[in-house]
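Undergrad: A structural model of the following input is requested.
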Amino acid sequence: MTAPLKAIDGSDDLNLLMHDIGRRAKAAARILALAAPAQKNRALAAIARALRADAAAILAANAEDVSEARANGTTAAFLDRLTLDQKRVDGIAEAIDTIREIEDPVGKVTERWTRPNGMTVERVRVPLGVIGVIFESRPNVAADAGALCLKAGNAVILRGGSDSFRSCRAIHDSIVKGLREANLPEDAIILVPTRDRAAVGQMLAGLDGTIDVIVPRGGKSLVARVQAEARVPVFAHLEGLCHVYIDCAANLDMARSIVVNAKMRRTGVCGAAETLLVDRAAADTHLKPLIDALIAAGCEVRGDAAVQAADARVKLANEDDWSTEYLDSIIAAKVVDGIGQAIAHIERYGSHHTDSIVTEDAAAAQRFLTEVDSAIVLHNASTQFADGGEFGFGGEIGIATGKFHARGPVGAEQLTSFKYRVLGSGQTRP
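TA: Below you'll find the model as predicted:
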């Protein structure tokens, strides 16, 4: 079915619309699961071309969203996540080109062995089916998620935030053009055509079993709702309470560069550092320069007594600051008694997302990488590398912080499951 879906205007039946979307996606998923890699790649190439050609329309739609958000008094960090410019539109198209170029995961045999009875067992990657992606503010997610799901042979139902409604519709128009050009079903990538929040609840209920997995990308309240209400499996994407720990053996220039980048490159992304931990043994030499660099970059520092004593401009942190995802130009800072206390702090307050250690001590680095139980752990690198594109995945649907199925950046390969193929020659079981 390729007839245009109606947007809800207050008179349409949301329940009927959403269940129709589920049926359409399920039918498209059966076709996509069997689509040849070349056909999927043709669609991705066509989508990227359409995005570039439609950039003016996408930016015009985005300007309306941004104007409305600004009028509603949204924060600067939120506006940063929402806003598109020519460079960001080009980046969206480039990410799709990268996704097109990666190896197709569908049908890949990951293991093969032969049993004593002569049967051969193969484990082969297969699509998940229909993926529901619920996201807020960042319109690029519509393109990233659509492209990754397509590459992995999945249909996807996209439900963007109300604030990015016009932007997502404009991006989706380009996506549909690409699907048509490659003769793939338009229902392979469906954008829910309503701002009605009840649509989220419908998706979480599974749409009569047509949705196989839900991926939330948004703030703490969205993720909490998804985890509380979902009746289908969820790729958990919790808040990014990311830490940078400056060890006593850290190079100061490197530490300064990493900390400022981890916090300030883009404050509104989930990989932005929210807490700075400094080894007490390095505080005399490293703490004040790090504070100076952050404040010079426009960052507010909230610290414990030791940090505040190092610089009168530091505001005294409270208990809530250690567990706050600011997504803004604010960082919490604390002096800790060595790597053990740093790891304990991360375990208590972190969200198992992304954490980094800066040190020249290989043993300390290895201990941190081994003991910190986060989806991504880094040594001498910024937490802002928590990104599927930076991992070579082309893009990501999100950073999964759970431990089942997928963890870390969820790219095309992580959007597949597997089945076993058993090849026999007449064997029967005694």
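Undergrad: Which per-residue confidence value corresponds to residue 4?
TA: Here, the pLDDT recorded for residue 4 equals 51.
Undergrad: Please disregard the earlier target; I meant residue 219.
TA: 73.
Undergrad: Now it: closest residue in space that isn't a chain neighbour?
TA: In space, and not counting its chain neighbours, residue 219 is closest to residue 136: 6.3 Å by CB to CB, 6 or more residues apart in numbering. In this view, the C-beta of every residue, glycine as well, is placed from N, C-alpha and C.
Undergrad: was I right about the one you found contacting residue 217?
TA: Yes: the criterion here is CB atoms under 8 Å, and residue 136 meets it with residue 217 at 7.0 Å.
Undergrad: Name the residues of stretch 94-111 that are buried.
TA: Counting neighbours by 16 or more other CB atoms under 10 Å, one finds that the buried residues in stretch 94-111 are 94-96, 98-100, 102, 104-106.
Undergrad: how is the protein carved up into domains?
TA: 14-235+410-422, 242-385 (automatic domain parsing).
Undergrad: May I see these organised as JSON lines, with distance to residue 399 added?
TA: Listed next are the domains of the chain as JSON lines, based on distance: least, CB to CB, whole Å:
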{"stretch": "domain 14-235+410-422", "distance to residue 399": "7"}
{"stretch": "domain 242-385", "distance to residue 399": "6"}
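Undergrad: follow-up on the earlier one: residue 136 and residue 217 - which one has more neighbours?
TA: Per other CB atoms under 10 Å, whichever of residue 136 and residue 217 has more neighbours is residue 217, with 26 against 20.
Undergrad: Backbone torsions only: list them for the residue nearest to the more buried one when sequence neighbours are not counted.
TA: Nearest residue to residue 217, sequence neighbours excluded (CB to CB, 6+ apart): residue 135, at 3.9 Å. Per-residue torsions, residue 135: phi -140, psi 160 (degrees, to the nearest 10).
Undergrad: gap between residue 135 and residue 381?
TA: 26 Å (CB to CB, to the nearest Å).
Undergrad: the more surrounded of the two?
TA: Counted by other CB under 10 Å, residue 135 and residue 381 do not tie: residue 135 has more neighbours, with 25 against 16.
Undergrad: Verify the stated contact: the more buried one with residue 223.
TA: No: if you go by CB under 8 Å, residue 135 and residue 223 don't touch, sitting 11.0 Å apart.
Undergrad: Now list whatever residues contact both of those two.
TA: residue 216 (CB atoms under 8 Å, 6 or more residues apart in numbering).
Undergrad: so what does the helix or strand containing residue 46 touch, helix or strand wise?
TA: Counting by DSSP states H and E, the element that carries residue 46 is helix 37-53. If contacts are counted by 3 or more CB pairs under 8 Å, 6 or more residues apart in numbering; DSSP states H and E, helix 37-53 sits against helix 86-101, helix 140-151, helix 165-181.
Undergrad: Name the residues that touch the helix or strand following the second one?
TA: Scanning forward in sequence from helix 140-151, with DSSP H and E defining helices and strands, the next element found is strand 155-159. By CB under 8 Å, 6+ apart, the surrounding residues in contact with strand 155-159 are 21-22, 25-26, 28-29, 32, 129-135, 141-142, 145-146, 149-150, 168, 172, 187-192, 199-200, 203, 207, 211.
Undergrad: In helices, which of those residues appear?
TA: Under the assignment DSSP state H, the contacts of strand 155-159 contribute 21-22, 25-26, 28-29, 32, 141-142, 145-146, 149-150, 168, 172, 199-200, 203 to helices.
Undergrad: Show me where the stretch 301-430 of the chain has its helices.
TA: Along the stretch 301-430 of the chain, counting by DSSP state H, counting those that start in this stretch, helices occupy 305-310, 338-349, 362-371.
Undergrad: Out of these, which gets nearest to residue 260?
TA: Nearest to residue 260 among those is helix 305-310 (16.1 Å), distances taken as CB to CB.
Undergrad: Low-confidence regions, the protein specifically.
TA: 1-12, 238 (pLDDT under 70).
Undergrad: that older thread, make a markdown table from the helices and strands packed on helix 37-53 and add distance to residue 289 to it.
TA: Listed next are the helices and strands packed on helix 37-53 as a markdown table, based on distance: least, CB to CB, whole Å:
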| stretch | distance to residue 289 |
| --- | --- |
| helix 86-101 | 32 |
| helix 140-151 | 35 |
| helix 165-181 | 40 |
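Undergrad: Buried deepest among those helices, which one?
TA: Each of the helices and strands packed on helix 37-53 was scored by mean neighbour count; the highest is helix 140-151, a mean of 28, by mean count of other CB atoms under 10 Å.
Undergrad: Give the next helix or strand downstream of the helix holding residue 46.
TA: Next along from helix 37-53, by DSSP H and E: helix 55-71.
Undergrad: Run through the neighbouring helices and strands of that next one.
TA: Counting by 3+ CB pairs under 8 Å, 6+ apart, helix 55-71 packs on helix 76-82, helix 86-101, helix 165-181.
Undergrad: gap between it and the chain center?
TA: 23 Å (CA atoms, centre = their mean, to the nearest Å).
Undergrad: Next, the angle helix 165-181 makes with it.
TA: Taking axes from the mean of the first three to the mean of the last three CA atoms, to 10 degrees, one finds helix 55-71 and helix 165-181 inclined to each other by 160 degrees.
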